[in-house]
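A.B. asks: Mind folding the following:
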Amino acid sequence: MMVVRGRPEPEGPVLAAADGSPQGAGAIAFTFAEAALRRSELVALHVWST
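C.D. replies: This next block holds a predicted model:
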């Protein structure tokens, strides 16, 4: 979960978080497309649980 306080800046980077699940593949594809549309950086975050 990500909490953004205040007004997010539309020119900021796009954050992609993945947990390795099959459902996450669609989310990753979406974030790549969104970053390309915005012409912004893509910040990748890999998460897991123990």
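
A.B. asks: Just say helix, strand or coil for the residue nearest the centre of the chain.
C.D. replies: Note on the chain: the residue nearest the mean C-alpha position is residue 16, at 2.3 Å, using Cα atoms, centre = their mean. Here residue 16 is recorded as strand under DSSP: H, G, I helix; E, B strand; the rest coil.

A.B. asks: change the start of the numbering to 37 and stick with it
C.D. replies: Sounds good: first residue 37 from here, last item residue 52.

A.B. asks: Just the element for the closest residue to it other than its chain neighbours, please.
C.D. replies: Distances taken as Cβ to Cβ, 6 or more residues apart in numbering place residue 67 nearest to residue 52, at 3.8 Å, with adjacent residues excluded. (Each C-beta comes from the backbone N, C-alpha and C, glycine too.) Following DSSP states H and E, the helix or strand that holds residue 67 is helix 60-74.

A.B. asks: Can you point out the buried residues in that helix?
C.D. replies: 67, 71 (16 or more other Cβ atoms under 10 Å).

A.B. asks: and that helix, what does it pack onto?
C.D. replies: When contacts are defined as 3 or more Cβ pairs under 8 Å, 6 or more residues apart in numbering; DSSP states H and E, helix 60-74 sits against strand 50-54, strand 78-82.

A.B. asks: got the angle between that helix and strand 78-82?
C.D. replies: Angle, helix 60-74 to strand 78-82, by axes from the mean of the first three to the mean of the last three Cα atoms, to 10 degrees: 160 degrees.

A.B. asks: now the angle between strand 50-54 and helix 60-74, please.
C.D. replies: Using the same axes, to 10 degrees: helix 60-74 against strand 50-54 is 170 degrees.
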